[in-house]
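Visitor: Need the 3D shape of this:
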Amino acid sequence: MTIRRSVVVLGSTASGKSDAAMTAALLQPRGSVHIIAADAMQVYKRMDIGTAKPTVADQSAIPHHCVDVAEPSERYNVARYVDDVAVARKVIGEAGAAELVVGGTGLYVTAIVDGLDMPGEFPEIRAQLEANDNTEELFAQLFALDPQATTKMDPNNRRRIIRALEVCFGTGTTFSSFGQGIGSFAPTDTVLIGLRWNRDALRARIAYRVDLMIERGLVDEVRGLLAEPEGMSVTARQALGYKEVIEHLEGRWSLAEAVAATVLRTQQFAIRQERWFRRDPRIQWVDVQEDPIEEVTPAIVAALE
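Guide: Numbers count the residues shown, from 1 in each chain. Okay, the predicted model is just below:
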């Protein structure tokens, strides 16, 4: 079975991509569109508020994939995501439906659109690397081994740096030699639609969203996750909002400090998302002024038809 149509809706966090995509999906005949989440944290069960996960009602109305596929205690990565997407596409193909990919995790979008040649995992090497608390030193080590890889990652993204070093040491080759889809932007039948906001407007939307998440119970959600027998994995603990609330719950920050840090970190992350996506000349950008649903939904509907 083949996928009838593949459309990607992407953009920075809080850009409104999920709302626009959901609206467009609901305008199609029931069952004719499935949504695949391309979000590195929506994969975790019970991490709902802080990840702005699709509601139960949304998931009932439109089939969703790659949501709630891992326990918070698990280490989830793009290699596992590729496997989960393959399972999703089999279901979508058998249904004769179109796939609507929605997300802001650039590497996950790349994995869907261009494919990635994923290296294996080397837990013992990773454990040794994680024992080094000096992220700057690890980044310098990666630069010495694979300078090309460092051009595509944040020097403060400890998780990605350790993963790259793990691959370098474990395979004996560079991390950048894998995943040739990154930066190649080959022709594709997939339609990519991007939401783009004025940065000041997006910063305001992010601040509002963080306040709303706190109001909806993010602190209690994180408290419950920490209380689970298996706890939260290093990966899950790094999620936007969760990391900061953990600092609060463990007594290092006040709630106000946690909220401020979440807003700032999310705003910084949104800029990195924008930089990642804007390299891709295949993306059809929609400059949103006020209402992403009203302004972007028509483009998504047209792409699905």
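Visitor: Going by C-alpha atoms from here, please, whenever you check contacts or count neighbours.
Guide: Will do.
Visitor: In the protein, mark out all the strands, start to finish.
Guide: Using DSSP state E, the strands of the chain run over residues 6-11, 33-38, 64-65, 98-103, 191-196, 283-287.
Visitor: In TSV, list the ones you listed along with distance to residue 27.
Guide: As requested, the strands of the chain are exported to TSV (distance: least, C-alpha to C-alpha, whole Å):
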stretch	distance to residue 27
strand 6-11	15
strand 33-38	10
strand 64-65	16
strand 98-103	13
strand 191-196	17
strand 283-287	20
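Visitor: In a markdown table: the ones you listed, plus mean pLDDT, mean neighbour count and distance to residue 138.
Guide: Listed next are those as a markdown table, based on pLDDT from 0 to 100; neighbours: other C-alpha atoms under 10 Å; distance: least, C-alpha to C-alpha, whole Å:
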| stretch | mean pLDDT | mean neighbour count | distance to residue 138 |
| --- | --- | --- | --- |
| strand 6-11 | 98 | 26 | 30 |
| strand 33-38 | 98 | 25 | 28 |
| strand 64-65 | 98 | 22 | 35 |
| strand 98-103 | 97 | 25 | 29 |
| strand 191-196 | 98 | 22 | 34 |
| strand 283-287 | 98 | 16 | 34 |
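Visitor: From residue 237, how far out is residue 74?
Guide: From residue 74 across to residue 237, the span is 11 Å (C-alpha to C-alpha, to the nearest Å).
Visitor: Same drill for the two, tell me which one is more crowded.
Guide: More neighbours surround residue 237 than the other of residue 74 and residue 237, with 21 against 15 (other C-alpha atoms under 10 Å).
Visitor: Pretty sure that one sits against residue 243.
Guide: Yes: Residue 237 sits in contact with residue 243 when judged by C-alpha atoms under 8 Å, with a separation of 5.3 Å.
Visitor: show me where pLDDT drops low in the stretch 1-150 of the chain?
Guide: Residue ranges of the stretch 1-150 of the chain with pLDDT under 70: 1-2.
Visitor: Per the annotation, how does the protein divide into domains?
Guide: Residue ranges for each domain of the chain read 6-117+190-304, 123-177, as given by automatic domain parsing.
Visitor: and those, which is most packed in?
Guide: Per residue and on average, the most neighbours among the domains of the chain fall to domain 6-117+190-304, with a mean of 18 (mean count of other C-alpha atoms under 10 Å).
Visitor: Nearest to residue 53, out of the strands of the chain?
Guide: Ranking those by their distance to residue 53 (criterion: C-alpha to C-alpha) puts strand 33-38 first, at 9.2 Å.
Visitor: Now find how far off-centre the closest one is within its chain.
Guide: Taking C-alpha atoms, centre = their mean, to the nearest Å, one finds strand 33-38 lying 13 Å from the centre of the chain it belongs to.
Visitor: Fine by me, we can end here.
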